[in-house]
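Engineer: next input, structure requested:
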Amino acid sequence: MSVTQLRTSRDATEWQLRVDLAAAFRLAVQMNWHESVGNHFSAAVSADGKKFLMNPKWRHFSTIRASDLQLLDADDDSIMNRPEAPDCSAWAIHGGVHASVAHARCLLHLHPPYATALAALADPELKPIDQNTARFYNRIAIDLDYGGIAEDKAEGQRLARVLGNKRTIMMGNHGVLCAAPTVAEAFEDMYFMERAAQTMILAYSTGQKLNIMPPELAEKTARSWEDYGDSAFAHFEQLKQQLDRTDPSYKE
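Structural biologist: The predicted model follows:
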């Protein structure tokens with residue numbers, strides 16, 4: 001099916017979701033968050049989250065276009081027996097979480113350098129030592145039950161329980177998962193997660209005692225970040241404008 005046919009056969013809302021998700025892949029490359037042809041982004045299309053878009057198996061993030069994204073159904077396990085089957089671990093994680101968590105309309109799962117380094121520590125907690133780290137105070141779920149590469153949707157369902165009403169999971173021995181109502185908000189969470197993890201790792205590297213905010217100040221700072229929620233959309237829109245100037249093929 002041609003891109004033109006795809007655009008006319010899908011409603012405008014789904015097409016825009018495809019464009020935004022494709023942009024997120026390209027931007028992840030610019031941020032050096034990608035890893036070989038692994039890791040996955042997805043976005044729910046149906047109200048119950050069970051129908052969702054996701055990148056096809058073993059495609060480098062720099063090549064992803066809006067029309068490349070697969071439309072999957074979490075209830076249709078037969079897809080795994082077809083030539084176009086998605087990555088098994090991605091199907092397990094994304095299918096399980098989308099089907100179980102209402103607010104997880106967009107899921108970004110990555111192994112970015114600093115967040116993954118933090119996830120590898122015995123204590124992977126992101127401590128409130130500056131504004132960016134405090135953004136996540138009491139707002140990250142920590143999973144210390146890594147059991148190897150995901151093989152079935154039970155792992156996605158487990159991660160859904162770990163996530164609960166939060167938007168980010170620090171996945172011990174693994175990486176990070178951001179879940180949000182929109183692509184822009186999930187991208188912004190991932191952006192600040194990696195920035196905060198970088199600050200944390202650099203602070204640890206000095207060997208000096210961390211200057212951790214008292215709980216009241218950390219919570220106040222985290223709540224103040226909520227007043228800047230709309231900045232996620234402004235940031236993402238301006239990043240897409242940069243893509244439009246350099247390589248607008250993500251929109252195809």
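Engineer: what number of residues lie near residue 224?
Structural biologist: A total of 12 residues lie near residue 224 under the criterion other C-beta atoms under 10 Å. No exception for glycine: its C-beta is placed from N, CA and C like everyone else's.
Engineer: now do residue 195
Structural biologist: Counted with other C-beta under 10 Å, the neighbours of residue 195 add up to 17.
Engineer: give me the element residue 103 is part of.
Structural biologist: Element membership for residue 103 (DSSP states H and E) is empty, with no helix or strand holding it.
Engineer: where's the residue nearest to it when sequence neighbours are not counted relative to residue 105, distance?
Structural biologist: In space, and not counting its chain neighbours, residue 103 is closest to residue 181: 6.0 Å by C-beta to C-beta, 6 or more residues apart in numbering. Using C-beta to C-beta, to the nearest Å, one gets 5 Å for the distance from residue 181 to residue 105.
Engineer: and residue 43, what does it touch?
Structural biologist: Residue 43 sits next to 17, 20-21, 52-53, 105-107, 183 when contact means C-beta atoms under 8 Å, 6 or more residues apart in numbering.
Engineer: going by distance to residue 69, which of these wins?
Structural biologist: Distances from residue 69 to the contacts of residue 43, taken as C-beta to C-beta, are shortest for residue 53 (4.4 Å).
Engineer: just checking, next helix/strand downstream of the helix or strand that the closest one is a member of?
Structural biologist: For residue 53, the element it lies in under DSSP H and E is strand 51-54. Where DSSP H and E defines the elements, the next helix or strand beyond strand 51-54 is strand 70-73.
Engineer: CA-only coordinates of that following strand in CSV, if you can.
Structural biologist: C-alpha atoms of strand 70-73 as CSV (Å, rounded to 0.1, in the frame of the first residue of the first chain):
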residue,chain,number,x,y,z
GLN,A,70,2.8,-1.8,12.5
LEU,A,71,-0.8,-1.7,13.7
LEU,A,72,-1.0,-4.6,16.3
ASP,A,73,-3.7,-6.1,18.4
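Engineer: remind me which helix or strand the closest residue to residue 174 other than its chain neighbours belongs to.
Structural biologist: Spatially, and ignoring its direct neighbours in sequence, residue 174 is nearest to residue 146 (5.2 Å; C-beta to C-beta, 6+ apart). Taking DSSP H and E as the definition, residue 146 sits outside all helices and strands.
Engineer: go through the top helix by length along the chain and flag the buried ones.
Structural biologist: Taking residue count as the measure and DSSP state H as the definition, the longest helix of the chain comes out as helix 183-205. Buried residues in helix 183-205, counting neighbours by 16 or more other C-beta atoms under 10 Å, are found at 183-200, 203.
Engineer: from the contact counts, what lies against it?
Structural biologist: Secondary structure elements in contact with helix 183-205, counted by 3 or more C-beta pairs under 8 Å, 6 or more residues apart in numbering; DSSP states H and E, are helix 12-30, strand 106-110, helix 113-119, helix 131-134, strand 175-180, helix 231-246.
Engineer: what would the contacts of residue 43 look like in CSV with pLDDT and distance to residue 176?
Structural biologist: Listed next are those as CSV, based on pLDDT from 0 to 100; distance: C-beta to C-beta, whole Å:
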residue, pLDDT, distance to residue 176
17, 98, 22
20, 98, 20
21, 98, 18
52, 97, 19
53, 98, 20
105, 97, 18
106, 98, 14
107, 98, 11
183, 98, 16
